[in-house]
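Q: the sequence and its predicted three-dimensional model are supplied below.
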Amino acid sequence: MVRALHITGFSVTGRPISTPTTKFGGQPVWLAGPQWPISAAWDRPMRFVGQIELGPVLGAAGQGKVAYVFVTHADHGEDFFDPDIIDPDGGENAVIVQPGGDYAGPVRPLATGPGLYGADGSAVEFTVDLRPVDEPGSMTDEELDALPSADRNRCADLIDGDKVDGDKIGGTPLFFQGDEWPDGGPWRLLLQLDSNWVPFRLNLGASPRLFAFVSEDGAQGRLLVQDS
């Protein structure tokens, strides 16, 4: 079984968060020097989506580390969408890990930059309400069939019961277009997010699901989007 933290709600912050805690929106609270990733196609800073503490995701390997999630995204009122946003190697998204992370793309030493915004274009920042859930780990059909019948039935019930669905930190990814782990790894799921159903503007496609990953040694991350 794999422990996940299911996101049960988003709470608007009363004032800017200045500690390296898990949050969405606002500005990154850098643990080391600022490393703002730059869009390969647009030569502009990507949009900061949020930061996630890695201890609950990786255990000891993640203690004291934070992953910062970015995507190339239009400003309020702009009309552009870069399809490379879905590709972990397309140069239009980034997962920066600090301290000691390894990110190969272009960055600038910007402490602040574009953040999330609401329907009216104003900046927003949210903490998240989290509920621990035990999920079945990622297994192929062959691995599932090899389990004793009681364990196999339990895992099947958990999956059929949508226990791996929804917005969450850590746990087992629920791909809907076939398994699509990034190259390299081995990886752990960092974030699963259905961006059409969140209280902020995040255009990733028609019916998209964002998957962010972090390596098991806590050194690097990747992001991809599956869209119907």
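A: Cool, got the structure. In this text, all values refer to a predicted model and were calculated from it rather than measured experimentally. Residues are numbered from 1 along each chain as shown.
Q: C-alpha from now on. contacts and neighbour counts both.
A: OK.
Q: show me where the chain dips below the pLDDT cut-off.
A: 137-145, 147, 150-162 (pLDDT under 70).
Q: all helices of it, in order?
A: In the chain, the segments counted as helices under DSSP state H are 55-58, 141-145, 149-160.
Q: for residue 121, which residues are in contact?
A: 76-77 (Cα atoms under 8 Å, 6 or more residues apart in numbering).
Q: please redo it, this time with the cut-off set to 7 Å
A: Contact partners of residue 121, counting by Cα atoms under 7 Å, 6 or more residues apart in numbering, are residue 76.
Q: now do it against residue 133, distance only.
A: 34 Å (Cα to Cα, to the nearest Å).
Q: likewise for residue 98?
A: For residue 98 relative to residue 133 (Cα to Cα), the value is 26 Å.
Q: the more surrounded of these two?
A: Between residue 98 and residue 133, residue 98 has the larger neighbour count (other Cα atoms under 10 Å), namely 23 against 17.
Q: surely the more buried one meets residue 31?
A: Yes. Residue 98 lies in contact with residue 31 (Cα atoms under 7 Å); the separation is 6.0 Å.
Q: the chain: strands as residue ranges?
A: 2-12, 23-25, 36-37, 47-53, 66-71, 93-98, 107-108, 125-135, 168-170, 187-193, 208-215, 221-227 (DSSP state E).
Q: how about those in a markdown table, adding distance to residue 180?
A: Formatted as a markdown table, those follow (distance: least, Cα to Cα, whole Å):
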| stretch | distance to residue 180 |
| --- | --- |
| strand 2-12 | 19 |
| strand 23-25 | 24 |
| strand 36-37 | 23 |
| strand 47-53 | 22 |
| strand 66-71 | 19 |
| strand 93-98 | 16 |
| strand 107-108 | 26 |
| strand 125-135 | 19 |
| strand 168-170 | 16 |
| strand 187-193 | 11 |
| strand 208-215 | 10 |
| strand 221-227 | 9 |
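Q: closest one to residue 178 among the ones you listed?
A: strand 221-227 (9.4 Å; Cα to Cα).
Q: pull the residues that contact that closest one.
A: Taking Cα under 7 Å, 6+ apart as the rule, strand 221-227 contacts 86-88, 93-97, 177, 182, 205-215.
Q: and residue 149, how many neighbours does it have?
A: 11.
Q: oh, that last question was meant for residue 184, not what I typed.
A: Neighbours of residue 184 (other Cα under 10 Å): 8.
Q: mind giving me the PyMOL command for buried ones among the contacts of strand 221-227?
A: Those of these that count as buried under 16 or more other Cα atoms under 10 Å are selected in PyMOL with:
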select buried, resi 86+87+88+93+94+95+96+97+182+205+208+209+210+211+212+213+214+215
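Q: quick one: end-to-end distance for stretch 87-101.
A: 20 Å.
Q: which residues touch that stretch?
A: 31-32, 37, 39-40, 65-72, 84-85, 103, 182, 219-225.
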